[in-house]
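Trainee: below: sequence and its predicted model.
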Amino acid sequence: MAEMAIQVRDLVKSYPRGVRALDGLSFVVPEGTLFGLLGPNGAGKSTAVRILSTLARADSGQALVAGYDVVRQATEVRRRIGLVGQRLSAVPTATVRENVLLQGRMFGLKGRALATRTDEVLSMLALSDVAGRQAGFCSGGMKRRVDIAMGIVHRPRVLYLDEPTTGLDPDIRVQLWSDLTALVRQEGITILLTTHYLEEADALANDIAIIDSGRIVTTGSPETLKQKLRGDTLQVEFESDQSEEAIRGALAGLDGLDEIRVDGRRLHARAPIGGAAVPVVLARLGQEAMAVRSVSVSQPTLDDVYLAYTGRRFATQADAGASAGGQSS
């Protein structure tokens, strides 16, 4: 049975003005895996990372990293972790290589061992050709790689990546996904990745935990979580806002149609065979003079998983969190 690199039990953290960032957070991360902590902005992801990296204290609960308590054995935890935060940490006027060397020295690496390890991580992250360039003149994707190189130069057992691809172009983000997958394979490192990108969690993580309002609502591999939602996802967009009560009344009694939710002009439901359900659903809605703009059928996604467990669409929550901002991201 795999050892646990991270063990989190019942973490609670509140900020002033009654903001409860974590509300009994619990999860475990096996060694040598890439684990995704998936949730919209404001869900508590960054707060969890700050506690797990000893930068903040929980009000209650316990967290172990590499077997060490983040409060009682904070120094031992720091020696075994790397952290790549949301903000770029490289010194912009120093070269790429100088930034990595400096980080290595801070963790006690010296001489030939430091030089060799620096060359190794620069090569691993495709930074060798820009090693002499000032970090401030690197592209956004390269800057993220520099931060990751700084985070792994001392060979940590656990690497925290807090929203590492936010703001990057889609093609650069996909390339960084490849780099992270290679890191787990080549370094044997455990990565805890926080993200609000559904496709990122789906593509990268061995397992994910979906966090909502400071609590874990479900965990498992992306594929397993999607397979738990049997049948197809049916989405109907109306020409105008509709009453949920009226829609439910129109669709009452349809065999196999469940998990019906209405969000403004959109109807979301699940059906054993989506294609067969479409004409029946459209006929019922037509009888009630509900004008339909479009209809689609798809296999379950992580958005559907989030909807099933929280009753809300992930994108809606992500937009709301981004607008609200705050400390509990």
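Mentor: Thanks, I have the structure now. Note that the structure is predicted; figures quoted are calculated from it, not measured.
Trainee: may I have the beta-bridge partners of the residue nearest the centre of the chain?
Mentor: Nearest to the geometric centre of the chain sits T195, at 2.5 Å (C-alpha atoms, centre = their mean). Beta-bridge pairing for T195 (DSSP bridges): L38.
Trainee: contacting residues around it?
Mentor: T195 is in contact with 36-38, 45, 163, 165, 201, counting by C-beta atoms under 8 Å, 6 or more residues apart in numbering. Backbone N, C-alpha and C define where each C-beta goes, glycine included.
Trainee: try R57
Mentor: By C-beta under 8 Å, 6+ apart, the contact list for R57 reads 51, 71.
Trainee: and with 6 Å instead?
Mentor: Applying C-beta atoms under 6 Å, 6 or more residues apart in numbering to R57 gives no contacts.
Trainee: could you report the neighbour count for V217?
Mentor: Residues contacting V217 under the criterion other C-beta atoms under 10 Å number 16.
Trainee: hey, C-alpha coordinates of the helix or strand where it lies in CSV?
Mentor: Using DSSP states H and E, V217 falls within strand 215-220. The C-alpha coordinates for strand 215-220 follow below in CSV (Å, rounded to 0.1, in the frame of the first residue of the first chain):
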residue,chain,number,x,y,z
ARG,A,215,-14.7,21.2,2.3
ILE,A,216,-13.9,18.2,0.1
VAL,A,217,-17.1,17.0,-1.6
THR,A,218,-15.6,14.0,-3.4
THR,A,219,-12.3,12.4,-4.3
GLY,A,220,-11.1,9.9,-6.8
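Trainee: can we start the residue count at 462 from this point?
Mentor: Renumbered: residue one is now 462, and that last one reads strand 676-681.
Trainee: now it: mean pLDDT?
Mentor: Averaged over strand 676-681, pLDDT sits at 96.
Trainee: gap between that strand and the chain center?
Mentor: Counting by C-alpha atoms, centre = their mean, to the nearest Å, strand 676-681 is centred 12 Å from the centre of its parent chain.
Trainee: give the buried residues for that strand.
Mentor: The neighbour-count check on strand 676-681 (16 or more other C-beta atoms under 10 Å) flags 676-680 as buried.
Trainee: going by contacts, tell me the helices and strands next to the helix or strand following that strand.
Mentor: Using DSSP H and E, the helix or strand that follows strand 676-681 towards the C-terminus is helix 683-688. With contacts taken as 3 or more C-beta pairs under 6 Å, 6 or more residues apart in numbering; DSSP states H and E, helix 683-688 sits against no other helix or strand.
Trainee: nearest residue to the residue lying farthest from the centre of the chain in space, please, no chain neighbours.
Mentor: Farthest-out residue of the chain from its mean C-alpha position, per C-alpha atoms, centre = their mean: Q748, at 42.6 Å. Leaving aside its chain neighbours, Q748 sits nearest to A711 (7.0 Å; criterion: C-beta to C-beta, 6 or more residues apart in numbering).
Trainee: same check on Q760?
Mentor: Counting by C-beta to C-beta, 6+ apart, D693 is the residue found nearest to Q760 once chain neighbours are left out, at 6.6 Å.
Trainee: who are the neighbours in contact with that neighbour?
Mentor: 732, 735, 758.
Trainee: narrow these to those in helices?
Mentor: Here DSSP state H is the test, and these give G735 as lying in helices.
Trainee: out of the contacts of D693, who has the most neighbours?
Mentor: Going by other C-beta under 10 Å, A732 tops the contacts of D693 with 23 neighbours.
Trainee: pretty sure it is touching L695, no?
Mentor: Yes - between A732 and L695 there is a contact at 5.3 Å, judged by C-beta atoms under 6 Å.
Trainee: on that earlier part again, want to throw the buried residues of strand 676-681 into JSON lines with distance to A527?
Mentor: Below are the buried residues of strand 676-681 laid out as JSON lines (distance: C-beta to C-beta, whole Å):
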{"residue": "R676", "distance to A527": "25"}
{"residue": "I677", "distance to A527": "21"}
{"residue": "V678", "distance to A527": "27"}
{"residue": "T679", "distance to A527": "26"}
{"residue": "T680", "distance to A527": "20"}
